[in-house]
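Visitor: sharing a model that was predicted from the sequence below.
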Amino acid sequence: MASGTTAPPPPANLRRIVAASLIGTTIEWYDFFLYGSAAALVFNRLFFPESDPLVGTLLSFLTYAVGFAARPLGALVFGHYGDRLGRKKLLVLSLLLMGGATFAIGLLPTYATIGSAAPALLTMLRLVQGFALGGEWGGAVLLVSEHGDARRRGFWASWPQTGAPAGQLLATGVLSLLTAVLSDSAFNTWGWRIPFLLSGVLVIVGLWIRLSVDESPVFKQALAQAEARKVAQAGTTASSGAAEKLPLVSVLQHHWRDVLVAMGARMAENISYYVITAFILVYATTSAGVSKQTALNAVLIASAVHFAVIPGWGALSDRVGRRPVYLLGAVGVGLWMFPFFSLIDTGGFGNLILAVTVGLVLHGAMYAPQAAFFSEMFATRMRYSGASIGAQFASVAAGAPAPLIATALLSDYGSSTPIALYVIAAAVVTVIAVGAAKETRHRDLAEVESPADADPATTRAADARTV
């Protein structure tokens with residue numbers, strides 16, 4: 001065993017850690033996707049009633065986009081303190097912030113009650129949601145990656161990734177159930193609040209599980225090493241101990257290439273996901289004549305398959321490497337775009353399911369190894385910052401505008417061809433980024449605390465094993 005390597009935890013403990021990360025990411029994504037669905041269903045009428053119906057819908061979606069804008073800020077703040085205070089503390093805070101904001105939305109008075117203050121409060125709470133989600137992802141995947149058995153890190157770290165399809169399934173399922181059992185009047189009056197208030201119950205369960213797990217042993221080891229260096233420096237001379245750099249500064253100094261790789265890797269993954277799951281609701285209903293409920297059912301079925309295949313892709317990345325699996329997903333998504341739209345154009349429910357399911361299975365080949373891949377790029381004391389910055393800054397350029405860009409292309413050209421080319425271009429960027437990266441699956445997360453502090457021979461040996 002290499003120096004600094006921590007022994008894997010017992011299987012029962014590891015499963016509890018995975019469960020803590022998975023339930024947290026599921027709740028976070030449930031809250032995030034729930035807002036988007038409500039924005040399309042009721043927020044335009046309840047919070048922007050004086051606007052033209054279309055303008056009201058656009059305004060409600062604008063508040064949805066605000067959540068993406070806040071994610072990089074959450075990545076910076078949570079990454080900074082997560083690298084200084086630990087992963088567990090920040091994960092508890094992110095869950096409280098997200099759940100609290102979502103629960104508060106369920107209690108918000110509408111425009112009819114307090115006027116323009118209602119949309120202002122809604123926007124503020126959406127900012128809190130985005131801020132919390134920006135900090136959640138990095139901490140959740142790191143907690144599993146830094147606890148788990150290095151030989152199966154791709155498999156175990158992929159489980160928090162299943163929180164996205166699980167959250168989408170949960171949010172869409174709750175809304176579908178309510179719209180089925182309630183009249184339109186009852187749903188618009190009070191029924192829409194139930195899914196948001198339900199978040200409070202989910203948060204209590206999530207906190208109970210998260211508070212029961214230990215802090216990352218890799219982080220605790222790195223923290224102890226940093227403290228030992230400070231003591232040694234102080235003992236040498238009173239002025240020799242330079243102030244520890246901010247994690248963000250260290251990331252930009254030592255890992256700026258890795259940040260660019262992470263951002264490039266997310267282009268195809270993020271853009272394809274929102275085109276396949278969000279834009280399809282626009283395209284299928286306007287261009288293919290499919291009902292919104294039919295399109296939604298196809299996304300639900302495909303999301304269930306997506307959830308099931310992600311751990312399989314993660315396990316495959318443990319056998320063949322992160323890069324080959326990721327590249328397979330990027331190339332596959334690019335090649336699938338023209339068949340994807342052709343199948344939707346037929347208007348058949350079976351073809352619709354096939355189009356979305358294959359798209360999400362290929363997306364999973366990128367999304368599954370992403371957690372371990374990004375974790376293995378960065379040194380421990382800057383890993384939360386590096387992974388979060390790379391992932392969340394990319395989401396602003398990729399996922400946030402993807403449905404808007406796709407809709408604008410459809411409006412301007414009346415064809416799916418420019419949209420397919422848009423996703424293909426993103427796939428090319430991802431192939432270049434991942435192709436330029438080193439393979440990381442054999443990297444020991446505990447081996448090097450910081451590139452600046454590592455022994456050159458140790459660093460060369462670690463790098464040699466990742467080629």
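Guide: Structure received.
Visitor: element containing residue 341, please.
Guide: Per DSSP states H and E: residue 341 is located in helix 322-345.
Visitor: so where's the stretch 1-150 of the chain uncertain?
Guide: Applying pLDDT under 70 to the stretch 1-150 of the chain flags residues 1-12, 40-41, 50-65, 148.
Visitor: give me the buried positions along stretch 259-276.
Guide: Using 16 or more other C-beta atoms under 10 Å as the test for burial, stretch 259-276 gives 259, 261-276. Yep, even glycine has a C-beta here, placed from its N, CA and C like the rest.
Visitor: same question for stretch 149-165.
Guide: In terms of neighbour count (16+ other C-beta under 10 Å), stretch 149-165 has its buried residues at 150, 152-165.
Visitor: next one: stretch 394-405
Guide: Residues 394-396, 398-400, 402-403, 405 are the ones in stretch 394-405 that count as buried (16+ other C-beta under 10 Å).
Visitor: and if you look at stretch 76-86?
Guide: For stretch 76-86, a neighbour-count test (16+ other C-beta under 10 Å) marks 76-84, 86 as buried.
Visitor: how far is stretch 167-182 from where the chain is centred?
Guide: Taking C-alpha atoms, centre = their mean, to the nearest Å, the mean C-alpha location of stretch 167-182 is offset from the chain mean by 22 Å.
Visitor: now do that stretch, average pLDDT.
Guide: Stretch 167-182 shows a mean pLDDT of 84.
Visitor: spatially central residue in this structure, please.
Guide: Among the residues of the chain, the one closest to the centroid is residue 137, at 5.4 Å (C-alpha atoms, centre = their mean).
Visitor: surely residue 259 and residue 388 touch.
Guide: No: counting by C-beta atoms under 8 Å, residue 259 stays clear of residue 388, with 10.2 Å between them.
Visitor: between these two, which contacts overlap?
Guide: Counting by C-beta atoms under 8 Å, 6 or more residues apart in numbering, residue 259 and residue 388 have no shared contacts at all.
Visitor: three-state assignment of residue 446?
Guide: What DSSP: H, G, I helix; E, B strand; the rest coil gives for residue 446 is coil.
Visitor: correct me, but it touches residue 218?
Guide: Yes: assessed by C-beta under 8 Å, residue 446 is found in contact with residue 218 at 4.7 Å.
Visitor: who's more crowded, the two?
Guide: Using other C-beta atoms under 10 Å, the more surrounded residue of residue 446 and residue 218 is residue 218, with 24 against 21.
Visitor: where's residue 428 relative to residue 334, distance?
Guide: Using C-beta to C-beta, to the nearest Å, residue 428 is found at 7 Å from residue 334.
Visitor: more crowded one of those two?
Guide: Using other C-beta under 10 Å, the more surrounded residue of residue 428 and residue 334 is residue 334, with 22 against 15.
Visitor: check contacts around the more buried one.
Guide: For residue 334, the contact set (C-beta under 8 Å, 6+ apart) comprises 268, 423-424, 427-428, 431.
Visitor: from the residues you listed, pick the one nearest residue 116.
Guide: For the contacts of residue 334, the minimum distance to residue 116 (C-beta to C-beta) is 38.4 Å, reached by residue 423.
Visitor: re the thing from before, now the buried residues of stretch 76-86 as a markdown table including distance to residue 125 and secondary structure?
Guide: A markdown table is the format used below for those (distance: C-beta to C-beta, whole Å; DSSP: H, G, I helix; E, B strand; the rest coil):
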| residue | distance to residue 125 | secondary structure |
| --- | --- | --- |
| 76 | 20 | helix |
| 77 | 18 | helix |
| 78 | 18 | helix |
| 79 | 23 | helix |
| 80 | 23 | helix |
| 81 | 22 | helix |
| 82 | 23 | helix |
| 83 | 27 | helix |
| 84 | 28 | helix |
| 86 | 27 | coil |
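Visitor: tell me the one of the residues you listed nearest residue 202?
Guide: Proximity of the buried residues of stretch 76-86 to residue 202 (C-beta to C-beta) peaks at residue 78, which lies at 20.2 Å.
Visitor: secondary structure element for the nearest residue to the closest one once chain neighbours are set aside?
Guide: Spatial nearest neighbour of residue 78, excluding adjacent residues (C-beta to C-beta, 6 or more residues apart in numbering): residue 135 at 2.6 Å. Element membership for residue 135 (DSSP H and E) is helix 117-147.
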